[in-house]
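A.B. asks: After the sequence you'll find the predicted model.
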Amino acid sequence: MASVFVKFASLGGLALLLQMTGLVLFVLGFFPVKPTLDGISGVESFNPGCEFDGYDKIDKPLHMYGADSREKNVGFLAKYDRLVFMVIDGLPAEFILGRDGKPPARDLQLAMPYTQNLMATGSALGYHAKAAPPTVTMPRLKAMTSGAIAGFLDVAYNFNTKELLEDNLIDQLARAGWRMVMLGDETWLKLFPNRFDRHDGVSSFYVKDTVEVDNNVTRHLDVELGKNDWRLLVLHYLGLDHVGHIGGRSSPLMVTKLREMDEIIARIYRTVLSRSPRTLLVVVSDHGMTDGGNHGGATYQEADALALFITKSFSDPESKTAAEASASRHHSDSEAYQVDLVPTLALLLGIPIPKNSVGALLQPLFSSSTPKLQLRALELNSWQLLRITRKRSPRSKCIADICRGGKMASDINQSAFSSGNGNEAHDLCRKFSLAMEKHKQWAQSGESSSAFEEAKHAYLQFLQPTSVWLASGSTEKLISFAVSGASLMLLSTIIFITGVFQLSKTSSRGLKSGASKQAASPLVKLVAIGGVCLHSASFGSSSFVEEEQFTWHFMLSTFFVVLLRDAFQQLKPVNTKSGHQQGKHDNRESAAKRKCSQFFQSWLNLKSPDLQFQDPKLKSTVKEVLQICLLLTFARTLRSWHRSGVNWAHLPDVAKTLENTHPSLTAWIRAGSLLIVSLICRWLVPKTLPRFIRRVTEASLTLTAVLVLFYYTCDLLRLAYRSDIWKVEAWATISAQGIYLLLGATFVSTFTLFPWLIVCKSGTESSLSFKKRKGALYVMSLQEEPGTGPSLQAAVKRSMDATGTVFLSCWCLLQLLLQQPVNAAPLTLLLLQLLLTVNLFRTAQTSFPRWISILTQHWLGASGHFGLGNSNTLATVDVAGAYIGLSSHSTALSGTLAFFITYGSPLLYMQGLLLGTDQEKPEKRKDGSEVSENWLLEDILLPCYLPLAMNSVVLTVFTGVLYLMQDHLFVWSVFSPKYLYVVATTICTYLGTLIFATVGGYSFLVISKRMQRTKNAKNNRML
């Protein structure tokens, strides 16, 4: 027995190690950075050519050249010599510019009257600056300063920002001798350490602060605006983003925050821009936000960032051209990419474009310059993009010819590129050559206006598609790493599946003989296995990935319907001789009528306490049917609570209705859910514990529930009395910290002490029969026959059950604290679903294999994950809840809380596996310290193997899908975010398996030691 157990345990450990190694290799191979040029841009970048890869060889930086010398050597002069760069974190561009040609909502316009007036008078040019995913702060700041598209895994680095080593605007300005000041988000200080002469940074992650985080910036504003020693002033306001995280786009605080930002823009314009026409104010946002106030994905709402250029010179009639005036009037329809800021600002400020920028020039901002300078700016941007295109397509003969000899379009034909290059690079090369030719023709034509328009149009025809192609181009992947990682994950999946099959086969041998229950129908097993295959196959479609919740809801509902069919099949007519003869001539309709009549008669007997069942089996079947019907009802309710996914997330659902139209009802539902869960938690406390320990456990859970209720009260007061926000917030933080302390102490003490304290006496003294708890859905402990003597197996079962029930209670109370208020009712339904499912498989008349019950709980956890409002986009991650109880930012603590919130349902059902151990009567043994081999394999190893196996199938299949879809249009917006969720789900599965294995192993070791001690004491007394 021991050898078989050790064999399977060692095999599982090996498979787990292979899977983790393979996952690391694949991530390193599939998500490297995009190919980049080495070094940084210098004065040489203002000259045409491709061979400028080493700025380190340049003798002196740009600022050491005088203005006249710079114009002579560079051919370009700066239009502005001071810049105020104001970032309003999370501000959707449509709040300022409107959408689809329509102005913003009336209340939004009234909230920012000064900004709207600047645009109306032509003093501001606005753009919808599309942000690339992931739409979180750190990658977006990288894009706005370096012009390079950040890697997708930068979403993980967003919480641990490191210095930006790529060529960027800040470093270019520093090399040009600019003095710089930064106020606001400390991410700037981490990306650019020691670059700013003065700075005051604030943490961007404590999202519950919407006031002080901005006041800390504004309190320095008047002083800095009055100084003339700086040339770059960075202001990063975080309050609006925090308002969105807490209350969404429609938060009552949103208009107030917009009004505050408008006043700051007005102050900067009146103080600095009015007296310095060569000062440029750029107001940008790093990303937008969804209706719920979150971000991270690639939807329009999340990617709709703002780029607003404000300067005094725009409003000067003498310097304002017709093209510029037209651009200002139609600013609301103007679209650009966030990376376009980089070349535009670089040339407006007279510095080199960062070497790896993929942005295209925003030409309307140069329309007041001379035609010569406009074409010069377009030429510099074009050469800079051509160098990156050459790096991306190193075998392009067309680009190589241009770099060597400057061939024109007339010299290039379709054979000018090798078969190893795509048509995109060749087409872009032809457009570049055509633009250069038109530029030359303009110079030769005496600088005619028609030739100028042709040359400008040719440059724009090259710049815009080249920028898009470079931004969306494939990365250079380490094929060997990716393939090796995928192979190891495939091997681990095969090991896990083989182990599950062997465990199920081995553990079922002891159940075949003497089984009193009817075996499960093949249809149940077929639906279970088919569901796993169907779910894996759905990953091949981007739509199914976006709307994965429908797959889980369908699979779960289908499975419960099949269980309901099996339960109805238990209602068979009495097999008498006459009935048998008559049955030969009955049709199917008559048989169905008899079954329905028998079921409803049983229901009437169940409802009437005066009537008794003549057939106990029939009574159990009726209860089984009722439980399955309840499970279907709960599943349907959870499905309707949130419209997860992407395509239909905007449609009404129960959660949106409660939040938008019935906030008071939401508060009452939240309180009622807390009451129900608290009562269930007290009821679940095991009676096999000593009375004192039981009372202490009940008191701890009750006190936790009271503190959760107190936090709810503080939360309501915070919304009702915003002026007293800090005092209420302080009490809420203290109560949340008390909850963490109580739950942590209860969790640790339960795990540590319960195996030592659990009652191991036999007979009725320690048993809790179903009759003693009439109407209960869950039998807490094992019923033993008096006189059989305690067994190790029975005691370990009791210990795991007792520990599991307290773990569930702690987890549900924690989730009631962390989840959004509208999720309190779904969480209660998830707990009831779990208890019903455990009781269903314990009391069902059908003998279901153990793996069926484990798979059911796994499916319930996955379906509940979406029932709580989660999806496969990063925008549904609840950032605000991750700071409950935290007075300052902590990456580890906030990350852990965010993980607990997101995977509240899967972890709930993983802990529920502790309740699912077999409750059949243990075998009588001469030595009570022995355990059944079948029990070890089925109830200890199989619950560890099967979740890991099912997760391995998903992980391996989606890894293959991601690799095959690497050139798909939605690889970064759909498949890559889903892969992050798959990896996080893998971690969740590891954690749940670790909890189960640790509790089971610890209980086994402790109770074995206790029984061995008892046995030795008994032997000593006999001697």
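C.D. replies: Ah, there it is. Residues are numbered from 1 along each chain as shown.

A.B. asks: So which other helices or strands are in contact with the helix or strand containing A451?
C.D. replies: Using DSSP states H and E, A451 sits within helix 449-472. Counting contacts by 3 or more CB pairs under 8 Å, 6 or more residues apart in numbering; DSSP states H and E, helix 449-472 is packed against strand 335-337, helix 371-392, helix 423-444. To be clear about C-beta, it is placed using only N, CA and C from the backbone, and glycine gets the same treatment.

A.B. asks: Turn those into JSON lines, including mean neighbour count.
C.D. replies: Listed next are the helices and strands packed on helix 449-472 as JSON lines, based on neighbours: other CB atoms under 10 Å:
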{"stretch": "strand 335-337", "mean neighbour count": "20"}
{"stretch": "helix 371-392", "mean neighbour count": "22"}
{"stretch": "helix 423-444", "mean neighbour count": "20"}
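
A.B. asks: Please write out the alpha-carbon positions of stretch 856-872 in CSV.
C.D. replies: Extracted C-alpha coordinates of stretch 856-872, given in CSV (Å, rounded to 0.1, in the frame of the first residue of the first chain):
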residue,chain,number,x,y,z
THR,A,856,-18.3,18.9,-10.4
GLN,A,857,-16.8,21.1,-7.8
HIS,A,858,-14.1,22.2,-10.2
TRP,A,859,-16.8,23.3,-12.7
LEU,A,860,-18.8,25.0,-10.1
GLY,A,861,-15.8,27.0,-9.1
ALA,A,862,-15.1,28.0,-12.7
SER,A,863,-18.7,29.0,-13.3
GLY,A,864,-18.8,31.0,-10.1
HIS,A,865,-15.7,32.8,-11.1
PHE,A,866,-17.6,34.4,-13.9
GLY,A,867,-20.8,34.6,-11.8
LEU,A,868,-18.9,37.1,-9.6
GLY,A,869,-18.3,39.4,-12.5
ASN,A,870,-14.9,38.3,-13.7
SER,A,871,-13.9,37.9,-17.3
ASN,A,872,-10.8,37.2,-19.4
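
A.B. asks: when you give positions from now on, start the count at 26
C.D. replies: Sure thing, new numbering starts at 26, so read that last one as stretch 881-897.

A.B. asks: Mean confidence (pLDDT) on it, please.
C.D. replies: Computed over stretch 881-897, the mean pLDDT rounds to 92.

A.B. asks: cool, and stretch 546-559?
C.D. replies: Stretch 546-559 shows a mean pLDDT of 90 in the predicted model.

A.B. asks: same deal with stretch 235-244?
C.D. replies: On average, the pLDDT along stretch 235-244 is 89.

A.B. asks: Can you point out the buried residues in it?
C.D. replies: Along stretch 235-244, these residues count as buried under the neighbour rule (16 or more other CB atoms under 10 Å): T235, V236, V238, D239, N241, V242, T243.

A.B. asks: Then K104 would be within a strand, right?
C.D. replies: No - counting by DSSP: H, G, I helix; E, B strand; the rest coil, K104 falls outside a strand, being coil.

A.B. asks: What is the burial count for it?
C.D. replies: Using other CB atoms under 10 Å, the number of residues around K104 comes to 19.

A.B. asks: How much space separates it from L298?
C.D. replies: Taking CB to CB, to the nearest Å as the criterion, K104 is separated from L298 by 14 Å.

A.B. asks: Counting by contacts, list what the longest helix belonging to the chain packs against.
C.D. replies: Counting residues, the longest helix found in the chain (DSSP state H) is helix 1001-1047. Where contact means 3+ CB pairs under 8 Å, 6+ apart, helix 1001-1047 is packed against helix 27-55, helix 750-782, helix 817-843, helix 916-927, helix 929-937, helix 967-989.

A.B. asks: Out of the ones you listed, which is closest to L194?
C.D. replies: helix 916-927 (27.1 Å; CB to CB).

A.B. asks: List the buried residues of that closest one.
C.D. replies: So for helix 916-927, counting by 16+ other CB under 10 Å, buried means S919, L922, A923, F924, F925, I926, T927.

A.B. asks: you'd agree the fourth one is up against A1009?
C.D. replies: Yep, that's F924 we're talking about. Yes - assessed by CB atoms under 8 Å, F924 is found in contact with A1009 at 7.1 Å.

A.B. asks: Where does the prediction get shaky in the stretch 526-675 of the chain?
C.D. replies: Scanning the stretch 526-675 of the chain for pLDDT under 70 picks out 531-543, 596-642.
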